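Student: Structural data only, the sequence is not supplied:
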């Protein structure tokens, strides 16, 4: 089973934190593939990014029926492969972007062929289109949708809904430890490819979104109302937001994950997940199927992190979204959870 932790916020968790590559455990063929993949990522040194993007297809949404975007006319879709050809010819990641006119590309789906997170995380395109249809149908046109910058960009592209972000930020970048020395070259490539905005206002907004998700429900709701300008708003969260928060604020929010082979029998695996969580002194965790054969369990390494708003909004074991006092759960679309945030004068 593969385990990975980010730097935790508690002393207890600190003792359990291990270097990224050092904590990988190999057990079975699935993890052997993971080991091979990481071996291929061995540092090459130098100032050049250790990979490149290769465009393999481009066209209107009709050209890509596998994405199910027929309802979204006017979008140009491009398919890319992220390649590190010096060590492996097969793509490390396959990704789709969408854009309108000359605007910067928006990530539609990021299919990581490795076990470890690499640069970015996205939902499946199926979950994204479910969310987009729900937002387009149920969210009033004058309302604001508050979410992580990447989710906001996707929803703005597909639905035209009001969001806080109209440009890419490319942060946090999930750079594997073997590539750490090439961070500057990677950041340069990512900024160029995604046409990252240099807007300090957008970066400040993303920082405030992160602050809200790390705060208590009351404080977090107050920050989110500030960002929405006090108007009616809807908050959209995805499980990957918790992991990205841990990457962005590792000293404030400790999160790790462990993979359990046998994903086709998720209910039968849950008792083993609970036993592992208990044996390792953790309490709050979230489970999702990362592929057909693997269950990934995200666990919090800090004792107080379970009180953060992001944890309360997601289906962690210590959370009950129905018991929130300010935000109200209104829908779930696949791996996305949607809450209403009433205007300040309706807050009671």
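Tutor: Arrived safely, thanks for sending. In this text, all values refer to a predicted model and were calculated from it rather than measured experimentally. Residues are numbered from 1 along each chain as shown.
Student: Pass me the low-pLDDT residue ranges in the stretch 51-200 of the chain, would you?
Tutor: Applying pLDDT under 70 to the predicted model, the stretch 51-200 of the chain contains no residue that meets it.
Student: residue ranges for the helices of it, please.
Tutor: With DSSP state H, counting those that start in this stretch as the criterion, the stretch 51-200 of the chain has helices at 125-138, 149-159, 183-194, 200-214.
Student: Return the most buried member of those helices.
Tutor: helix 149-159 (a mean of 23; mean count of other Cβ atoms under 10 Å). C-beta here means a position set from N, CA and C on the backbone, and glycine is covered the same way.
Student: Name the residues of stretch 275-286 that come out as buried.
Tutor: In terms of neighbour count (16 or more other Cβ atoms under 10 Å), stretch 275-286 has its buried residues at 276-277, 282, 284-286.
Student: now, among those residues, which is nearest to residue 74?
Tutor: Relative to residue 74, the closest of the buried residues of stretch 275-286 is residue 286; by Cβ to Cβ it sits at 36.1 Å.
Student: what's in contact with stretch 126-139?
Tutor: Contacts made with stretch 126-139 from outside it, assessed by Cβ atoms under 8 Å, 6 or more residues apart in numbering, are listed as 67-69, 71-72, 108-109, 122-123, 145, 154-155, 158-159, 161, 234, 236, 330-331, 333-336, 338.
Student: Same check on stretch 105-114?
Tutor: Counting contacts by Cβ under 8 Å, 6+ apart, the residues outside stretch 105-114 that touch it are 34, 37-38, 41, 67, 69, 77-78, 90-99, 118, 120-125, 128, 150, 153-154, 156-157, 168, 193-195.
Student: just to revisit the earlier point, dump the helices of the stretch 51-200 of the chain to a markdown table, plus distance to residue 272.
Tutor: Written out in a markdown table, the entries for these read as follows (distance: least, Cβ to Cβ, whole Å):
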| stretch | distance to residue 272 |
| --- | --- |
| helix 125-138 | 26 |
| helix 149-159 | 32 |
| helix 183-194 | 36 |
| helix 200-214 | 30 |
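Student: of all those helices, which lies closest to residue 173?
Tutor: helix 183-194 (6.1 Å).
Student: The closest one to helix 149-159, inter-axis angle?
Tutor: Direction vectors for helix 183-194 and helix 149-159, defined by axes from the mean of the first three to the mean of the last three Cα atoms, to 10 degrees, enclose an angle of 10 degrees.
Student: could you pull out the strands for the stretch 201-348 of the chain?
Tutor: Counting by DSSP state E, counting those that start in this stretch, the stretch 201-348 of the chain has these strands, from start to end: 233-238, 255-261, 285-291, 294-300, 328-333, 336-341.
Student: quick one, which of the ones you listed is nearest to residue 51?
Tutor: strand 285-291 (21.6 Å).
Student: Could you list the paired strands of that closest one along with their orientation?
Tutor: Paired strands of strand 285-291, with direction, are strand 294-300 (antiparallel) (DSSP bridges).
Student: So what touches the strand it pairs with?
Tutor: When contacts are defined by Cβ under 8 Å, 6+ apart, strand 294-300 is touched by residues 30, 239, 242-243, 253-263, 266, 269, 273, 276-277, 280, 282-290, 306, 311, 316.
Student: What residues of it count as buried?
Tutor: For strand 294-300, a neighbour-count test (16+ other Cβ under 10 Å) marks 294-300 as buried.
Student: same check, this time on stretch 137-146
Tutor: Going by neighbour count (16+ other Cβ under 10 Å), the buried part of stretch 137-146 is 139, 143-146.
Student: What about these, which are in strands?
Tutor: The strands in this structure, assigned by DSSP state E, contain 144-146 from these.
Student: export those residues to CSV and tack on distance to residue 54?
Tutor: Below are those laid out as CSV (distance: Cβ to Cβ, whole Å):
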residue, distance to residue 54
144, 37
145, 33
146, 35
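Student: And the residues you listed, which is closest to residue 343?
Tutor: When these are compared against residue 343 (criterion: Cβ to Cβ), the nearest one is residue 144, at 10.4 Å.
Student: related to what we said a few turns ago, out of the helices of the stretch 51-200 of the chain, which is closest to residue 51?
Tutor: When those are compared for distance to residue 51 using Cβ to Cβ, the nearest one is helix 183-194, at 7.9 Å.
Student: which helices and strands does the closest one pack with?
Tutor: Taking 3 or more Cβ pairs under 8 Å, 6 or more residues apart in numbering; DSSP states H and E as contact, the helices and strands that helix 183-194 lies on are strand 52-60.
Student: tell me what the strand it packs on is packed against?
Tutor: Identification of packing neighbours for strand 52-60 by 3+ Cβ pairs under 8 Å, 6+ apart yields strand 76-84, helix 183-194.
Student: returning to that earlier point: filter the contacts of strand 294-300 to the buried ones?
Tutor: Buried residues within the contacts of strand 294-300, counting neighbours by 16+ other Cβ under 10 Å: 30, 239, 242-243, 253-261, 263, 269, 273, 276-277, 282, 284-288, 290, 306, 311, 316.
Student: For the helices and strands packed on strand 52-60, give me CSV that also has distance to residue 228.
Tutor: CSV is the format used below for the helices and strands packed on strand 52-60 (distance: least, Cβ to Cβ, whole Å):
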stretch, distance to residue 228
strand 76-84, 31
helix 183-194, 26
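Student: need the contact list for the residue lying closest to residue 74 once chain neighbours are set aside.
Tutor: Beyond its immediate neighbours in the sequence, the residue positioned closest to residue 74 (Cβ to Cβ, 6 or more residues apart in numbering) is residue 100, lying 5.8 Å away. Contact analysis of residue 100 by Cβ under 8 Å, 6+ apart lists 74-76, 157.
Student: Perfect, I'm done here.
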